[in-house]
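Trainee: how would this look folded up:
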Amino acid sequence: MTLEATIHAIFSTLPFAVCLVWSVLLFQAAWKRPVGALRMLAGFAIVCTVLYFCHAVYFNGEEVLVTRAIYRCANLAVYPLFWLYIRALSEAEPLPFRAFWALIPAVVSLLLSTIAYALGAPEDFAELPLRFIFLVEVAWVSIAGIRRLDAYDRKVHNFYADTEGKSMVPLRNLLYLLLLTSLVSALMSVMGRSVFASDLLLVIPSILFSVLLACIFDIGSRIEYTALEVSARPENALETDPDTGEFQALMDRIVDQMENRQLFRTPGLKITDLATELGSNRTYVSNCINRMAGQSFSDYVNSYRIRYAQILMQMNDSGQTLSQIGTQAGFSGETSFFRNFKKITGQTPSEWLSSRKPSDKS
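Mentor: The predicted structure is shown next:
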């Protein structure tokens, strides 16, 4: 085999090999930890494996009508599957059967292509409509996915004081990776795979897709949280919206819990904990903080924690570390303390402490 043939063989099959390895790893993980979202991610990886297997067959000149029909189906299934993965992560209940209607274009494509090719239709049968549907799916998954993740993150910040390991930021980054992959896929879909038949042009998308897909599967495999608490059905709403006076009265009680009882120092504090102390429900308390303080529950609690930590830092006669001070203030760990300190003050704890020393001496 010549060097050119070897290079062609490697890069024409590289994305398929990456997807195959990750399919096995994710399938094993889903078998050991039967979580709905992990199963959906494994399914997404398997369909990607099928898609890039068909790519490899095409680029090695061995495509037949059967693999072309399967390629069309897989191409229209990957993005709806990723959408279902996002839903599985952000919803407490198992996905309803109607959610899988998103896969109808892929199934219809497989059936129509199989029938058309059996009747002798040309290879490019319905190529343009299918490319258009693919582009619509890319736009739909990107827009709807980001909106759903943003909505979920708002719920997280209004439920937990400590959002580390619960935020959808990793998944949002994953979606951006998929969007980048989608843009390249869309470009290739519009241009046609034949444009990348030469070895030089094949190397570029092969490496790009392999790296992006590996990142997507790696990030997805590390996400372990569920939406069970955050997406739980809220309590019965009040018959009428509370007026400002009622909210102000509740806010006074919330301030008392924070300033006099120092509830903010409770590790892993949740909105339900505060609501229990107040004898109210979490939806009412969350809305009160949002309206009266203009902050999410997480930002509201952490602002108290940071102010308390600043006092401890200035009175630190016992030589406590910054990490220990953060723990005393209620933070779950050093990362959470440093991140929130920077977010609220614009400085790291060390920078803030250094900036206070000159004024202390004057």
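Trainee: what's the neighbour count on the nearest residue to residue 153 once chain neighbours are set aside?
Mentor: Taking Cβ to Cβ, 6 or more residues apart in numbering, and ignoring the residues beside it in sequence, residue 153 has residue 168 as its nearest neighbour in space, at 5.1 Å. In short, each C-beta sits where N, CA and C put it, glycine included. Around residue 168 there are 26 other residues, counting by other Cβ atoms under 10 Å.
Trainee: ok, now residue 249?
Mentor: The burial count for residue 249: 11, using other Cβ under 10 Å.
Trainee: Quick check: residue 207 is in a helix.
Mentor: Yes - with the criterion set as DSSP: H, G, I helix; E, B strand; the rest coil, the secondary structure at residue 207 is a helix.
Trainee: I'd like to know which helix or strand in this structure has the lowest mean pLDDT.
Mentor: helix 169-191 (a mean of 70; mean pLDDT, DSSP states H and E).
Trainee: Tell me where the stretch 101-250 of the chain has helices.
Mentor: 104-118, 127-157, 169-191, 199-222, 244-259 (DSSP state H, counting those that start in this stretch).
Trainee: And the fourth one, what does it pack against?
Mentor: What that stands for is helix 199-222. helix 3-32, helix 36-59, helix 169-191 (3 or more Cβ pairs under 8 Å, 6 or more residues apart in numbering; DSSP states H and E).
Trainee: deepest of the ones you listed, which one?
Mentor: For these, average neighbour numbers computed from mean count of other Cβ atoms under 10 Å are highest in helix 36-59, which has a mean of 23.
Trainee: Could you tell me how far it lies from the centre of the chain?
Mentor: The chain centre lies 19 Å from the centre of helix 36-59; the measure is Cα atoms, centre = their mean, to the nearest Å.
Trainee: again, but for stretch 76-84
Mentor: Taking Cα atoms, centre = their mean, one finds the center of stretch 76-84 at 14 Å from the center of the full chain.
Trainee: which residues sit against that stretch?
Mentor: The list of residues contacting stretch 76-84 from outside it, by Cβ atoms under 8 Å, 6 or more residues apart in numbering, reads 40, 43-44, 47-48, 51, 95, 99-100, 102-103, 105-106, 109, 130, 133-134, 137-138, 140-141, 144-145, 175, 178, 182.
Trainee: ditto for stretch 112-125
Mentor: 65, 66, 68, 69, 72, 73, 126.
Trainee: Okay, domains of this protein per the record?
Mentor: Partitioning the chain according to automatic domain parsing yields domains covering residues 3-222, 244-361.
Trainee: Any chance of JSON lines for these, columns distance to residue 230?
Mentor: What follows is the domains of the chain, written out as JSON lines (distance: least, Cβ to Cβ, whole Å):
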{"stretch": "domain 3-222", "distance to residue 230": "5"}
{"stretch": "domain 244-361", "distance to residue 230": "10"}
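Trainee: Least confident of those, on average?
Mentor: Looking over those, mean pLDDT reaches its minimum on domain 3-222, with a mean of 84.
Trainee: Just the endpoints, please. Distance across it?
Mentor: 38 Å (Cα to Cα, to the nearest Å).
Trainee: Kindly report the same for stretch 320-337.
Mentor: Between the start and the finish of stretch 320-337 there is a gap of 15 Å, counting by Cα to Cα.
Trainee: Need the contact partners of that stretch.
Mentor: Applying Cβ under 8 Å, 6+ apart, the set of residues contacting stretch 320-337 from outside is 161-162, 164, 264-269, 301-302, 305-306, 308-309, 312-313, 316, 338, 340-341, 349-350.
Trainee: repeat that with 6 Å
Mentor: For stretch 320-337, contacts defined as Cβ atoms under 6 Å, 6 or more residues apart in numbering pick out 162, 164, 264, 265, 305, 308, 309, 312, 313, 349.
Trainee: which parts of it are buried?
Mentor: Along stretch 320-337, these residues count as buried under the neighbour rule (16 or more other Cβ atoms under 10 Å): 322, 325, 326, 327, 329, 330, 331, 332, 336, 337.
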